[in-house]
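**Student:** all I have is the shape, not the residue letters:
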Ligand code: C5P
């Protein structure tokens, strides 16, 4: 096991998260079946979950992968607490919450996950990468996005949230601040030479691992490849190439 990998993610495969960005359950299932031998985690996002609901999380687990429910919860503490308990009962392994929900909401989420004791790990989202300084200002935040990311990361850490979703650009600062205390999960990754699509700032898998990423979320370079499993396995090798 690489010394950079956290205890629960021992291999390159375990560190690769494939988002099920498909319009229907049948397409998602077919896409997941094609790649599941090469990826450790399947991410169910808002589009698929709103359309298809819990079966989307259930089939992902049946394929032998861990399940990442990316719902970015942000509500009153009682509601978030109950939603976390529901996700635990679904057998989900990772669930996202917005750090900007504040300490009360985050602590309620952490308490709920602890009570259910199913091993679900909460991941806090700080500032969405689609938000710029102007968006923050419009919501009353005068700080630069990087400062707000750090503020919200500390808030999540103090509340006991065990991980963060962050961009590749934020990895080294967050790893330096928190050491191995937090699991860092990073989208916006492109294998060398791959099409960036709408991702503006991309890192290669090896660069992201070197900068401190534990889990890498990689979608289109796998999904849209003529051989998705081979694409996933090439990324696994790139992750494992980092000492
Ligand atoms: O296809 P691609 O590799 O760009 O997919 C990345 C996945 O990560 C998508 O499911 C996208 O919604 C998600 N994501 C992202 N950027 C963020 C947060 C999540 O691309 N900042």
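**Tutor:** Noted; the coordinates are in hand. Model, not experiment: these values are computed from the prediction. Residues are numbered from 1 along each chain as shown.

**Student:** count of residues packed around the spatially closest residue to residue 234 that is not a sequence neighbour?
**Tutor:** Spatially, and ignoring its direct neighbours in sequence, residue 234 is nearest to residue 191 (6.7 Å; Cβ to Cβ, 6 or more residues apart in numbering). Placement of C-beta: from N, CA and C, glycine included. The number of residues packed near residue 191 is 18, by other Cβ atoms under 10 Å.

**Student:** what are the ranges of the helices in the chain?
**Tutor:** With DSSP state H as the criterion, the chain has helices at 12-15, 25-35, 46-52, 54-62, 77-90, 102-116, 133-138, 145-159, 171-178, 205-211, 220-223, 228-240.

**Student:** could you report the pLDDT at the residue nearest to residue 234?
**Tutor:** On pLDDT, residue 191 comes in at 92.

**Student:** low-confidence ranges, this protein, go.
**Tutor:** Scanning the chain with the threshold set as pLDDT under 70 gives 1-10.

**Student:** and the residue nearest the centre of it?
**Tutor:** The structure's the chain has its C-alpha centroid closest to residue 185; by Cα atoms, centre = their mean the separation is 4.8 Å.

**Student:** list the contacts of the nearest residue to that one once chain neighbours are set aside.
**Tutor:** Once flanking residues are discounted, residue 185 sits nearest to residue 215: 4.3 Å by Cβ to Cβ, 6+ apart. Residue 215 is in contact with 9, 15-17, 41, 183-186, counting by Cβ atoms under 8 Å, 6 or more residues apart in numbering.

**Student:** repeat that for residue 54.
**Tutor:** Residue 54 makes contact with residue 90, according to Cβ under 8 Å, 6+ apart.

**Student:** if I look at it, how far off is residue 135?
**Tutor:** Look at residue 54 and residue 135: by Cβ to Cβ, to the nearest Å, they are 32 Å apart.

**Student:** just residue 111 next, same as before
**Tutor:** For residue 111 relative to residue 135 (Cβ to Cβ), the value is 31 Å.

**Student:** most tightly surrounded among the helices of the chain?
**Tutor:** helix 12-15 (a mean of 23; mean count of other Cβ atoms under 10 Å).

**Student:** which outside residues touch the biggest strand by length in the chain?
**Tutor:** Across the chain, the longest stretch assigned as strand under DSSP state E is strand 66-73. The contact list for strand 66-73 (Cβ under 8 Å, 6+ apart) reads 14, 17, 19, 40-46, 49, 57, 60-61, 80, 83-84, 87, 90-98, 101, 109, 123, 125.
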